[in-house]
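>>> I'd like to go over a predicted model; first the sequence, then the structure.
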Amino acid sequence: MCEQSVTLGNIGSHIFFMTEKHIDTGRFDDLGIKKNFLEILKNKGFEKPTPIQHQVIPGALEGKDVVGIAQTGTGKTLAYGIPLIQNLATGNGGQGLILVPTRELAQQVADALSSIGKSLGLRIAVIIGGVSSRPQIKDLRNNPHIVIATPGRLDDLMEQRQYRLDKVSMLILDEADRMLDVGFLPQIRRIFKLAPVNRQTMLFSATMPPSISSLASAFMKMPLRIEIAPQGTSAENVEQEVFIISKPDKMRLLYSLLKTYKDDTVLIFSRTKHGAKRIARDINTVGHSATEIHSNRTQGQRKASLEGFSRGRFRIMVATDIAARGIDVKQISLVINFDLPDNSEDYVHRIGRTGRAGRSGKAISFVTPSEKMDIRKIEKLIRKTLPILDLPIIAREQSESFSADRSFSSRQSFGGQQRQRGGQGQGQNQGRRRNFSRERRYGRTQARGER
Ligand code: AMP
């Protein structure tokens, strides 16, 4: 194989802390990437490496194990994708195996890698649950260079002797914290144990709980640890705001915000799949175009929702945490946490859906008075105080037209007893920010209102 170029043929604890802000991420040319591959990146419009790419690519190209602490939206897919493709092409063959927590992320990673690897002859097999395994088995028999899989389905196919790990020369875990959250630890440990020992391993995670650190120390060889932002730090270009709201009033606040942000592409998070379904139904009823993505939907429906949302057919998508993982829709400008997530780490993942690839975004969270401790935990994790906004006042007529909203409370306007203001929306909200610790009295008022 030519030294200067990348082609894909047929294929049968030292820890460094690098926590810093990079002012200059240099050029792709300086990272050890082959000339023809540089050309591809240039043609795809990737001009400069992102900080995580700048730091991961050189070490990974040398074959080092890497632990990368990075959120989605930072360019981490290509941070491992570029070395993966180049090492597979210039090494002695072998296969890359990428493990991801969700089907959507698997597809997204496949799209990102095939966009830069297609012209090199890259073959990818996507192995995910929820769809027939027959075509996947066929793809596996076709000697793919890279297998991208959710651990559950891969494990099933290994059980059925349809897939063996003996060719794996590079093993990548993407969004490792989420994989553990959804209970894939046993499958991951099995894969780590069965994969050839002399492989290269890279692990990426937005957060680094002890369970991940122990996986890394058990199964990785002196990994280079690269942290591009302090752990748990939320995307810097995402403006974050909080409304304290009683549960029955959430729907009306949502209607109000969807009107205020009528030109935005909005991702709404619900804690449960039933909640997501109900929210999507109700906002569709009042005339918004919304779709939903959660585990009660078939893989085909999830795909159609995601495609419709990313192509702009739906302005709004309502999602649960698991289903939303891996969503890379660049135009998402507003994330609404209709419910707070079950754990603080998920807050970081959720707001990482906006403000992607250097754009700015906004995240608004609905917090009930009883969730005050949850918001404090989030603030501790992100090392930021979240500003609390005054509730917008909903006009009586507007509220009354929301007959579809069964949770409509007897109060005709919320916030009416608190801070009457002559308007609603973003403009008025600015300058009305308070911080959570000063908010106790307000919280109690709301709590009384709920009873
Ligand atoms: P990721 O964090 O891998 O999901 O990437 C987030 C987004 O950033 C994706 O839409 C990528 O196409 C984009 N991206 C990745 N690397 C670069 C780069 N060097 N320059 C500009 N955009 C990039």
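In hand now; what should we look at?

>>> Low-confidence stretches in the stretch 201-350 of the chain?
Applying pLDDT under 70 to the stretch 201-350 of the chain flags residues 229-235, 323-326.

>>> Could I get the full set of strands for it?
With DSSP state E, counting those that start in this stretch as the criterion, the stretch 201-350 of the chain has strands at 224-227, 238-244, 265-269, 290-293, 316-319, 332-337.

>>> Adding distance to the ligand and mean neighbour count, write those out as TSV.
For every residue, glycine as well, the C-beta is placed using N, CA and C. Output for those, formatted as TSV (distance: least, CB to the nearest ligand atom, whole Å; neighbours: other CB atoms under 10 Å):
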stretch	distance to the ligand	mean neighbour count
strand 224-227	14	22
strand 238-244	14	21
strand 265-269	14	26
strand 290-293	17	25
strand 316-319	16	28
strand 332-337	11	23
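
>>> Could you tell me which residues make contact with residue 113?
With contact taken as CB atoms under 8 Å, 6 or more residues apart in numbering, residue 113 is in contact with 77, 81, 84-85, 122, 124, 146, 148.

>>> does residue 170 really touch residue 89, like I thought?
No: here residue 170 does not reach residue 89: they are 11.6 Å apart, not a contact under CB atoms under 8 Å.

>>> Confirm for me that residue 268 is in contact with residue 315.
No: proximity of residue 268 to residue 315 does not meet the contact threshold set by CB under 8 Å, at 11.0 Å.

>>> got any residues that touch both of those two?
Common neighbours of residue 268 and residue 315 (criterion: CB under 8 Å, 6+ apart): residue 290.

>>> Assess the claim that residue 124 and residue 149 are in contact.
No: contact criterion CB under 8 Å: residue 124 and residue 149 do not qualify, at 10.7 Å.

>>> Which one of those two is surrounded by more residues?
Neighbour count, other CB atoms under 10 Å: between residue 124 and residue 149, residue 149 has more, with 26 against 20.

>>> is it true that that one touches residue 128?
Yes: look at residue 149 against residue 128 with CB under 8 Å: they come within range, at 6.9 Å.

>>> In the stretch 101-250 of the chain, which residue sits nearest the ligand?
residue 112 (6.2 Å; CB to the nearest ligand atom).

>>> actually the stretch 201-350 of the chain, not the one I typed
Here the residue of the stretch 201-350 of the chain nearest the ligand is residue 328; by CB to the nearest ligand atom that distance is 4.9 Å.

>>> OK, contacts around that residue?
Applying CB under 8 Å, 6+ apart to residue 328 gives the contacts 72-73, 108, 356.

>>> Also near the ligand: which of the residues you listed, exactly?
When contact is defined as CB under 6 Å from any ligand atom, the contacts of residue 328 meet the ligand at 72-73, 356.

>>> Lowest-confidence one in those residues?
Among those, residue 356 carries the weakest pLDDT, at 70.

>>> Count the residues that sit near that residue.
22.
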